[in-house]
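1. Next one to model:
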Amino acid sequence: MSTHVFTAQDASGRRCRIQVLRNEEGAQASPTATDTHPLYLLEDGSRVRRIDNDTFQVIGTGAYVTRVAD
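-> I've put the predicted structure just below:
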């Protein structure tokens with residue numbers, strides 16, 4: 001499993017960290033595995049849905065955040 005972290009910002013200017021988890025081992029072990037998409041999580045463990053390359057939506061609140069440079 002690999003992990004990548006980046007910074008995002010909401011409309012009010014608050015910054016948060018989003019963690020990207022990829023299960024590469026499972027994808028290699030089973031070519032028919034259905035769970036090959038990365039999982040996006042906020043620092044507090046809240047799930048995040050990717051909208052496009054730079055925009056994400058927090059599942060629990062519906063808030064949108066945009067990826068920014070660290």
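
2. pLDDT (mean, whole number) over the helix or strand Arg49 falls within?
-> For Arg49, the host element (DSSP states H and E) is strand 47-50. The average pLDDT within strand 47-50 is 97.

3. How about stretch 58-70?
-> Mean predicted lDDT for stretch 58-70 stands at 95.

4. ok, residues contacting it?
-> By C-beta atoms under 8 Å, 6 or more residues apart in numbering, the list of residues contacting stretch 58-70 from outside reads 6-11, 15-16, 18, 42, 46-49, 51, 53-57. No exception for glycine: its C-beta is placed from N, CA and C like everyone else's.

5. Now do the buried residues in it.
-> Under the neighbour-count criterion of 16 or more other C-beta atoms under 10 Å, stretch 58-70 has Val58, Ala63, Val65 buried.

6. can you check stretch 8-15 too?
-> Ala8.

7. first vs last residue of it, how far apart are they?
-> By C-alpha to C-alpha, to the nearest Å, the extent of stretch 8-15 from end to end equals 6 Å.

8. State whether Leu39 and His4 are indeed in contact, as I suppose.
-> No: Leu39 lies out of contact with His4 (C-beta atoms under 8 Å); the separation is 11.3 Å.
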